[in-house]
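Undergrad: Using only what follows, build the 3D model:
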Amino acid sequence: MFEENHSEIIEYFFRFMAHKHHITEFLGKLNFNNFRKSYSVNRLIEIMKIDDNIIITRKDLTEYARNSYLPYLYNIDQQKELIMSGKLKDHSWYEAAPSRLHLTFQKWVRLYLSGEISLSEFFKKITNVGKQELYMLIIANITEYTIITSDETIIPNLQSKGISDVIINNLAYDVKNTHIPKTCEIDLKKNPLKFQEWLFDSGDLQRDLVTASRAPPHLGYNRIYVIIDPVERWENELNYLCKYIQKEIKKIINQEIKPHIFNRLKNNREITIHSHLIYPP
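TA: Okay, here's the model as predicted:
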């Protein structure tokens with residue numbers, strides 16, 4: 001059975017933040033064997049919910065998840081060193097945002113074939129887009145690691161593409177790294193709450209993950225927005241930024257900072273978003 005006061009978030013973790021092999025491994029560590037490894041995730045969860053021979057606590061789940069998440073983030077020290085090394089200088093999407101990557105590469109090939117750019121210019125563009133992909137993923141890993149190591153009560157995601165990155169208190173959050181978009185007319189400093197709503201509406205209101213649509217409406221869409229502007233601060237102030245992020249996460253854990261709560265209609269379903277904004281001065 002799930003611990004009564006934490007049953008919802010425990011079930012959420014197993015459904016949306018772990019793979020089946022994590023569930024079976026976790027049960028094995030608790031010496032619970034009343035299941036078969038061939039069972040589906042749904043069946044395993046139902047067994048855990050109703051079998052009174054086992055009590056699954058948030059503490060047990062937290063310890064297991066924290067001991068298992070590190071391989072998914074690779075070597076953080078190596079990644080920090082790369083960010084600060086200057087080797088990713090000139091990283092850029094140019095026009096090649098992920099949704100247009102193939103078409104943009106084709107455009108550059110045609111520019112080379114027509115003599116409008118040189119072969120070296122073509123390869124420079126390709127290289128800088130590759131640097132951008134490295135930069136984005138590594139910054140996401142560093143941010144996630146920084147948040148998870150802020151406090152031992154935080155439960156990390158174990159799926160490579162989970163809809164939530166962390167559970168803080170009894171809320172799941174997806175962590176979003178970004179800067180201040182040029183298209184946003186809202187002043188972040190004057191109206192940080194509306195700014196968070198704008199970020200959600202412009203980035204997440206229209207597009208959806210199938211798994212998120214199956215999640216509880218108050219858990220699947222929560223956000224922690226980490227705003228670093230300009231983005232080069234990651235290269236020049238990495239240690240300061242990490243310390244600041246950890247300090248803010250501690251305040252969230254201690255409920256010194258409350259989430260901003262707002263509702264939206266998404267795919268004919270009302271959802272509730274809990275969001276936080278971390279914006280180092």
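Undergrad: can you give me the strands in the stretch 101-250 of the chain?
TA: Using DSSP state E, counting those that start in this stretch, the strands of the stretch 101-250 of the chain run over 155-156, 166-168, 171-178, 223-227.
Undergrad: can I get those in a markdown table with distance to residue 65, mean pLDDT and mean neighbour count?
TA: In this view, the C-beta of every residue, glycine as well, is placed from N, C-alpha and C. Below are those laid out as a markdown table (distance: least, Cβ to Cβ, whole Å; pLDDT from 0 to 100; neighbours: other Cβ atoms under 10 Å):
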| stretch | distance to residue 65 | mean pLDDT | mean neighbour count |
| --- | --- | --- | --- |
| strand 155-156 | 5 | 97 | 25 |
| strand 166-168 | 9 | 98 | 24 |
| strand 171-178 | 12 | 96 | 20 |
| strand 223-227 | 17 | 98 | 23 |
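Undergrad: Just confirm residue 197 contacts residue 263, I think it does.
TA: No - counting by Cβ atoms under 8 Å, residue 263 is not a contact partner of residue 197; they are 10.3 Å apart.
Undergrad: which of the two has more neighbours?
TA: The residue with more neighbours, out of residue 197 and residue 263, is residue 197; 18 against 11, by other Cβ atoms under 10 Å.
Undergrad: what residues are up against that one?
TA: Contacts for residue 197 were tallied using Cβ atoms under 8 Å, 6 or more residues apart in numbering; they are 260, 262, 275.
Undergrad: Highest neighbour count among those residues?
TA: residue 275 (23 neighbours).
Undergrad: Could you export the host helix or strand of it as PDB, CA atoms only?
TA: Under the criterion of DSSP states H and E, residue 275 resides in strand 269-278. Provided in PDB are the C-alpha atoms of strand 269-278 (Å, rounded to 0.1, in the frame of the first residue of the first chain):
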ATOM      1  CA  ARG A 269      -9.700  20.200 -19.800                       C
ATOM      2  CA  GLU A 270      -9.100  22.700 -17.100                       C
ATOM      3  CA  ILE A 271      -5.500  22.400 -15.700                       C
ATOM      4  CA  THR A 272      -3.900  24.100 -12.800                       C
ATOM      5  CA  ILE A 273      -0.300  25.300 -13.100                       C
ATOM      6  CA  HIS A 274       2.000  25.900 -10.200                       C
ATOM      7  CA  SER A 275       5.000  27.900 -11.200                       C
ATOM      8  CA  HIS A 276       8.200  29.400  -9.800                       C
ATOM      9  CA  LEU A 277      10.600  31.900 -11.300                       C
ATOM     10  CA  ILE A 278      14.300  31.800 -10.500                       C
END
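Undergrad: What lies in contact with it?
TA: If you take Cβ under 8 Å, 6+ apart as the criterion, strand 269-278 is touched by 171, 173, 188, 192, 195-197, 200, 213, 217-218, 220-227, 244-245, 248-249, 252, 257, 259-265.
Undergrad: of the strands of the stretch 101-250 of the chain, which approaches residue 132 most closely?
TA: strand 171-178 (12.9 Å; Cβ to Cβ).
Undergrad: from the contacts of residue 197, which is closest to residue 68?
TA: Closest to residue 68, out of all of the contacts of residue 197 and judged by Cβ to Cβ, is residue 275, at 27.1 Å.
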